[in-house]
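> coords below, sequence missing:
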Ligand SMILES: Nc1ncnc2c1ncn2[C@@H]1O[C@H](COP(=O)(O)OP(=O)(O)OP(=O)(O)O)[C@@H](O)[C@H]1O
């Protein structure tokens, strides 16, 4: 589903953020991405979401070579890749329903179908009763779940999460991971960047470890 072939990403002023990274994430696979601060985890996820382009190497998602996609095809690609961020990135002046509906609005979906899909996504994360609330009135865990509903509402085959439990206590973190497990069970591919080694240990999923931009361990290959 996701294939990196000798991918390097260089930032002019900072050197290589990723160096010669190769791995494959199979369709429906769930894996963790770990490594020290600055190891390149966010950079790797941003390349998959086409928020950045590689300096060298080849990267494909669902058989599509991302290097062959022009700027106009990026929005379509982004609908196939749901992204979840630690800081939620919700629009503060729009209510929960409106925030979650954004990817469907961008896709030009009919309002009736859109309403159904948004409520189904909110139901999945247990937030249906809060559809009219503004993000600022929600707890951190609730805001994170709104971010997850927004990431899954267009039913992408791939979900990327960047430190999704960074600000949450252990009980809320487990709740979020249970949600990811549920997406995994219905065949979604997930790549989750996290420092939460304890949680990784209890999950038993494949773990990719970056160190100074290099992929230094891949439990899937042991
Ligand atoms: N837009 C950018 N411009 C220049 N350098 C960048 C940019 N984004 C990341 N970097 C550099 O690339 C390297 C990898 O950063 P990245 O954010 O991918 O690491 P990370 O593993 O996600 O770290 P953290 O766990 O702290 O979020 C760092 O040296 C960082 O300073």
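Ah, there it is. What you are looking at is a predicted structure, and each value in this text was computed from that prediction instead of being measured.
> Just give the nearest non-adjacent residue to residue 5, would you?
Closest residue to residue 5 apart from its sequence neighbours, by C-beta to C-beta, 6 or more residues apart in numbering: residue 58 at 4.4 Å. Where C-beta positions appear, they are placed from N, C-alpha and C, glycine not excepted.
> Could you do residue 150 as well?
Closest to residue 150 by C-beta to C-beta, 6+ apart is residue 100, at 4.8 Å.
> Those residues of the chain touching the ligand, which are they?
11, 13-14, 17, 35, 37-43 (C-beta under 6 Å from any ligand atom).
> Determine which two of these are furthest apart.
13 and 35 (21.2 Å; C-beta to C-beta).
> So which of the two has more stuff around it?
Ranked by neighbour count (other C-beta atoms under 10 Å), residue 13 and residue 35 place residue 35 first, with 21 against 5.
> Is residue 161 in contact with residue 183, as I believe?
No - between residue 161 and residue 183 there is no contact under C-beta atoms under 8 Å: 10.2 Å.
> Give the intersection of the neighbour lists for those two.
residue 190 (C-beta atoms under 8 Å, 6 or more residues apart in numbering).
> which of those two has more neighbours?
residue 161 (26 against 20).
> OK, contacts around the more buried one?
By C-beta under 8 Å, 6+ apart, the residues touching residue 161 are 83-84, 151, 180, 190-194.
> chain center to whichever strand or helix holds it, what's the gap?
Assessed by DSSP states H and E, residue 161 sits inside strand 158-162. Distance of strand 158-162 from its chain centroid, counting by C-alpha atoms, centre = their mean, to the nearest Å, is 2 Å.
> do stretch 170-185 as well
13 Å.
> before we move on, what about stretch 175-195?
9 Å.
> now for the helix or strand bottoming out on mean pLDDT in the chain, which elements pack on it?
Using mean pLDDT, DSSP states H and E, the weakest-scoring helix or strand in the chain turns out to be helix 197-203, at a mean of 72. When contacts are defined as 3 or more C-beta pairs under 8 Å, 6 or more residues apart in numbering; DSSP states H and E, helix 197-203 packs onto strand 30-35, helix 170-185.
> Good, wrapping up.
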